[in-house]
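Student: Quick one, what's the 3D model for this:
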Amino acid sequence: MSGRGDRLGASIEAAAGLLRRARYVVVLTGAGISTESGIPDFRGPSGVWTKDPKAERLSTLSYYMSDPQVRKQSWRQRLDHPAWSSAPNAGHLAVVELERKGRLQTLVTQNIDGLHLQAGSSPEITIEIHGTMREVVCMRCGERAPMERALERVRAGEADPPCRRCGGILKSATISFGQNLDPDDLARSQLAAARSDFFLAVGTSLAVHPAAGLPAIALNAGARLVIINAEPTPMDSDAEVVFQQPIGEVLPALVALV
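Tutor: This next block holds a predicted model:
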């Protein structure tokens, strides 16, 4: 155990050394950073879609828009989503601390749970590239509103609440399969990756594009890549350091050395 601990400590020190020398740092986070807050990921061994492949239909835009039953099931699941009772964990707080130390220029998150902002990350540097479940958007008129208002209507008996302005279909303000990312968010993320000299990927399988392409943009610009993820990723061989230990253990230790 001591040898393993020594190797982990050396790896954290090596990553911290790269981070200390960096001038423009980008952090990309995925579902893995929120699993320690009790929010299951999608593609891991115990992921939502791994255990129930049919659940992916609820996140596919064409099914959602065309099938009222899919929408009703989606609203029922939104009521019980674990994010409503979850709190930021040590990983989220370590990202905030990195920003507080003046060492984080851009945070790109694939997560829709809003826990980074709840933890204290600045909205100005945070890009929620897959949107947020904390708001709803009308697919006809574009009206946005807090998700809680729509959930109150569901609790009151509206199984598929329409937009109160135009009667259109309401959806969580997240990016579904078959739906394009916000072009401004994507452009900002890609520009940040191209400017970075240190890119930290945390809790992401690096399998969902275009967000998964950001590390490659950073590498092409000469950045050093560090990965913290429970499972292997397609980019592991390109990284300076790869951690497969718990994020809540590695990330705070790394930030503490910066």
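
Student: For this structure, give me the ranges with low pLDDT.
Tutor: Scanning the chain with the threshold set as pLDDT under 70 gives 1-5, 42-56.

Student: So which elements touch the biggest strand by length in it?
Tutor: Ranked by residue count under DSSP state E, the longest strand found in the chain is strand 131-138. In terms of contacts (3 or more Cβ pairs under 8 Å, 6 or more residues apart in numbering; DSSP states H and E), strand 131-138 is packed against strand 144-146, helix 147-155, strand 170-174. Where you see a C-beta, it was placed from the backbone N, CA and C, and this is true even at glycine.

Student: so how far is stretch 229-239 off the chain centroid?
Tutor: Taking Cα atoms, centre = their mean, to the nearest Å, one finds stretch 229-239 lying 17 Å from the centre of the chain it belongs to.

Student: can you dump the C-alpha coordinates of it into PDB?
Tutor: The C-alpha trace of stretch 229-239 is given here as PDB (Å, rounded to 0.1, in the frame of the first residue of the first chain):
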ATOM      1  CA  ASN A 229     -11.400   9.500 -14.600                       C
ATOM      2  CA  ALA A 230     -12.400   6.100 -13.100                       C
ATOM      3  CA  GLU A 231     -12.400   4.300 -16.500                       C
ATOM      4  CA  PRO A 232      -9.800   4.500 -19.300                       C
ATOM      5  CA  THR A 233     -10.400   7.100 -22.000                       C
ATOM      6  CA  PRO A 234      -9.400   7.300 -25.700                       C
ATOM      7  CA  MET A 235      -7.000  10.100 -24.800                       C
ATOM      8  CA  ASP A 236      -5.100   8.400 -22.000                       C
ATOM      9  CA  SER A 237      -2.000   7.700 -24.200                       C
ATOM     10  CA  ASP A 238      -1.800  11.500 -25.000                       C
ATOM     11  CA  ALA A 239      -1.900  12.600 -21.400                       C
END
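
Student: So which bits of that stretch are buried?
Tutor: For stretch 229-239, the neighbour count (16 or more other Cβ atoms under 10 Å) marks 229, 230, 233, 235, 239 as buried.

Student: outside of that stretch, which residues touch it?
Tutor: With Cβ atoms under 8 Å, 6 or more residues apart in numbering as the test, stretch 229-239 has contacts from 30, 32, 44-45, 201-207, 212, 215-216, 219, 225-227, 242-244, 246.

Student: Now intersect those residues with the strands, please.
Tutor: Reading strands off those with DSSP E, I get 201, 202, 225, 226, 227, 242, 243.

Student: domain ranges for this structure?
Tutor: 17-39+87-130+181-258, 43-85+132-174 (automatic domain parsing).

Student: hey, which of the ones you listed is tucked in deepest?
Tutor: domain 17-39+87-130+181-258 (a mean of 20; mean count of other Cβ atoms under 10 Å).

Student: Span of that domain from start to end?
Tutor: Chord length of domain 17-39+87-130+181-258, first to last residue, is 8 Å (Cα to Cα, to the nearest Å).

Student: now do stretch 231-244
Tutor: The straight-line separation of the ends of stretch 231-244 (Cα to Cα) is 7 Å.

Student: Tell me where the chain has helices.
Tutor: Remark: helices assigned in the chain by DSSP state H are 2-21, 48-51, 61-66, 68-79, 90-100, 115-119, 147-155, 183-195, 214-220, 247-256.

Student: shouldn't residue 134 be in contact with residue 146?
Tutor: Yes - in this structure residue 134 lies within contact range of residue 146 using Cβ atoms under 8 Å: 7.0 Å.
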